[in-house]
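Chemist: Just need the structure, nothing else, for what follows:
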Amino acid sequence: MADVANHGANHGASDGAGERESGHLDLATEAFVAHRNLLFTVAYEMLGSAADAEDVLQETWLRWAGVDLDTVLDQRAYLITITTRQALTRLRTLGRRKESYVGPWLPEPLLTTPDVAEDVELAESVSMAMLLVLETLQPTERAVFVLREVFALAYDEIAEAVGKSPATVRQIAHRARAHVTARRPRGIVSPDETRGAFEAFQRAVETGDLQSLIDILAPGVVVLTDGGGIKQALLRPVVGADRVARVFAAGLHTAGAAMSFERVQVNGGPALLVRLDGEIDGVMAVRIEDGLVAGLYYVRNPEKLTRVAQETTMSR
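Modeler: Residues are numbered from 1 along each chain as shown. Next up is the predicted model:
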């Protein structure tokens, strides 16, 4: 009889522990899901790769699921800290991978929801141009800049995430801000100005009108193409309206009627989804300044085109 009683007591204790664990996971899952878009945005801005950002989120969840939630005062800050640490580890690995990359490396383009473009600061921070500027920062500088300038974390919270003192983080933030300011695209362009210039560019591309193309390109326009060694791409940047227009004209002449263009929102800005014989060939993000096209970023690497068929939600 005593054995039966003990068995019943042990079984009851086991059930209680199981229920507590299940309840903990439910609460952990609820918090993680509530902040998931934010955490993805943090990881993506640090890495420029959606695939790697998703891996970071998986690693973040595994660590978050083991945390005693009763000890967490601010779930958002705690989750961002875990995400940042995992992203920093991966960023250092990515740096070595990029050293052997064939041709220019461009961020993985994301088909974004309209609300990303409406948040001007978020749209700028995830734009192809800004992500390329962030590539010029050291990993810790990039983390500090993103957490401070985009997500407005306090210096002590950032210090916890990057493993530095608040005073050191302030110095890093000042240095990173000056570095980015000297290299970032100039100013915010109004939606009307962007729309007009982009429509003129799209018409010129679709008609193959060389002069119209030259007219809408800024004198110092830069084109970067990313084929990743898988698809044909320019191995070096092309600079200047005349040179860029002639490169486009040659490509359009070769592809002919088989090539089509669809306007989309990529990384919070205007872009063309390019199809060849009905199949996605690449994504061309467009940077506009002073009513002219100042930058073109064409991603053809098929490994980077997995997020252009379905919208990605981002937040801060």
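
Chemist: can you pull the contacts of the residue positioned nearest the centre of the chain?
Modeler: Nearest residue to the geometric centre of the chain (C-alpha atoms, centre = their mean): Y44, 4.0 Å. Contacts for Y44 (C-beta atoms under 8 Å, 6 or more residues apart in numbering) come out as A50, A53, L110, V126, M314. (C-beta placed from N, C-alpha, C; glycine too.)

Chemist: Over to M259?
Modeler: By C-beta under 8 Å, 6+ apart, the contact list for M259 reads L252, V274, R275, L276, D281.

Chemist: Distance of the second one relative to R300?
Modeler: I take that to be V274. 8 Å (C-beta to C-beta, to the nearest Å).

Chemist: Common neighbours of these two, please.
Modeler: D281, G282.

Chemist: can you give me the strands in the stretch 101-250 of the chain?
Modeler: Taking DSSP state E, counting those that start in this stretch, the strands of the stretch 101-250 of the chain run over residues 217-226, 238-239.

Chemist: Only the buried residues of the first one, if you could.
Modeler: Buried positions in strand 217-226, judged by neighbour count with 16 or more other C-beta atoms under 10 Å: L217, A218, V221, V222, V223, L224, T225, D226.

Chemist: in what helix or strand does the residue nearest to the centre of the chain lie?
Modeler: Per DSSP states H and E: Y44 is located in helix 2-47.

Chemist: Give me the subset of the contacts of Y44 lying in helices.
Modeler: Those of the contacts of Y44 mapping onto helices are A50, A53, V126, per DSSP state H.

Chemist: any idea how far the residue nearest to the last one when sequence neighbours are not counted lies from M46?
Modeler: I take that to be V126. Closest residue in space to V126, ignoring its immediate chain neighbours: N267 at 4.9 Å, by C-beta to C-beta, 6 or more residues apart in numbering. Here N267 is placed at a distance of 15 Å from M46 (C-beta to C-beta).

Chemist: With L106 instead?
Modeler: Distance from L106 to M46, by C-beta to C-beta: 16 Å.

Chemist: same question for the helix holding Y44, mean pLDDT?
Modeler: Averaged across helix 2-47, pLDDT comes to 75.

Chemist: start the count at 31, not 1, going forward
Modeler: Got it, first residue is 31 now, which makes that one helix 32-77.

Chemist: can you list the residues that contact stretch 320-328?
Modeler: 136, 158-159, 162, 215, 223, 226-228, 231, 246-248, 250-256, 263, 274, 304, 312-318.

Chemist: wait, I meant stretch 106-126
Modeler: In contact with stretch 106-126 (C-beta under 8 Å, 6+ apart) are residues 61-62, 65, 68-69, 72-73, 76-77, 79, 82-83, 85-87, 89-90, 93-94, 97, 102, 169-170, 172-173, 177, 181, 183, 187, 190-193.
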